[in-house]
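In: coordinates only, sequence not included:
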């Protein structure tokens, strides 16, 4: 994790390049910080009024970013540091999850594999919903499998879904299909999860 942090801090604001989705997420967080509105600005004091279309990342990403801006100031460097915190949390959760279900050596192997996977740096260093969504997905699986708490699992699955709907929206149909065709035990839990 320390190596990932050291590599990620180098050229923090120039690599990877900022692009459309990340810029919109940063602007939405800034507008919430300044105006209390989760939307992008089209003119001074005017907003799109369709934030669910313009923003590809949800409030579990933008609201904490707005709070981060409130404490540490506004800028791309602050946004990327915020994303790096999510990346560190992601790596830690992957390690703990893998260790819990398999072993310490499996967890270290998984961490090394992920740390050498280039897309992790591309998505993990940008302010996007993929990494936070995956953290919430693993938390949901943990509560579902280990703790047998379908309501808590559903809460985290919901956070994953709204973190990056284009990816995690398929969670609900996947759980429903699994409950009816694969896992009979999941049938009893599907309503609280959903």
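Out: Great, that's in hand. No experiment lies behind these values; they were computed from the predicted model shown.
In: which secondary structure elements does the longest helix out of those in the chain contact?
Out: Ranked by number of residues, the top helix in the chain under DSSP state H is helix 76-101. Contact here means 3 or more C-beta pairs under 8 Å, 6 or more residues apart in numbering; DSSP states H and E; on that basis helix 76-101 packs against helix 2-9, helix 20-35, helix 59-72, helix 104-115, helix 118-124, helix 130-145. From N, CA and C alone the C-beta is placed, and that goes for glycine too.
In: closest to residue 41 out of the ones you listed?
Out: The closest of those to residue 41 is helix 20-35. By C-beta to C-beta, the value is 6.0 Å.
In: Partner strands of the helix or strand that comes right after that closest one, with direction?
Out: Downstream of helix 20-35, the next assigned helix or strand under DSSP states H and E is strand 41-43. Partners of strand 41-43 in the sheet, by DSSP bridges, are strand 46-47 (antiparallel).
In: contacts for the partner strand?
Out: Contacts to strand 46-47, defined as C-beta atoms under 8 Å, 6 or more residues apart in numbering, come from residues 31, 37, 39-41.
In: Dump the residues you listed to CSV, plus distance to residue 135.
Out: Listed next are these as CSV, based on distance: C-beta to C-beta, whole Å:
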residue, distance to residue 135
31, 25
37, 26
39, 25
40, 25
41, 29
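In: Mind checking which of the residues you listed are buried?
Out: When the contacts of strand 46-47 are checked for burial by 16 or more other C-beta atoms under 10 Å, the buried set is 31, 39-41.
In: What is the nearest of those residues to residue 70?
Out: Proximity of those to residue 70 (C-beta to C-beta) peaks at residue 31, which lies at 12.8 Å.
In: which non-adjacent residue is nearest the closest one?
Out: Counting by C-beta to C-beta, 6 or more residues apart in numbering, residue 31 lies nearest to residue 37, which is 5.4 Å off, once chain neighbours are set aside.
In: Starting from residue 61, give me the distance back to that neighbour.
Out: The gap separating residue 37 from residue 61 is 16 Å, by C-beta to C-beta, to the nearest Å.
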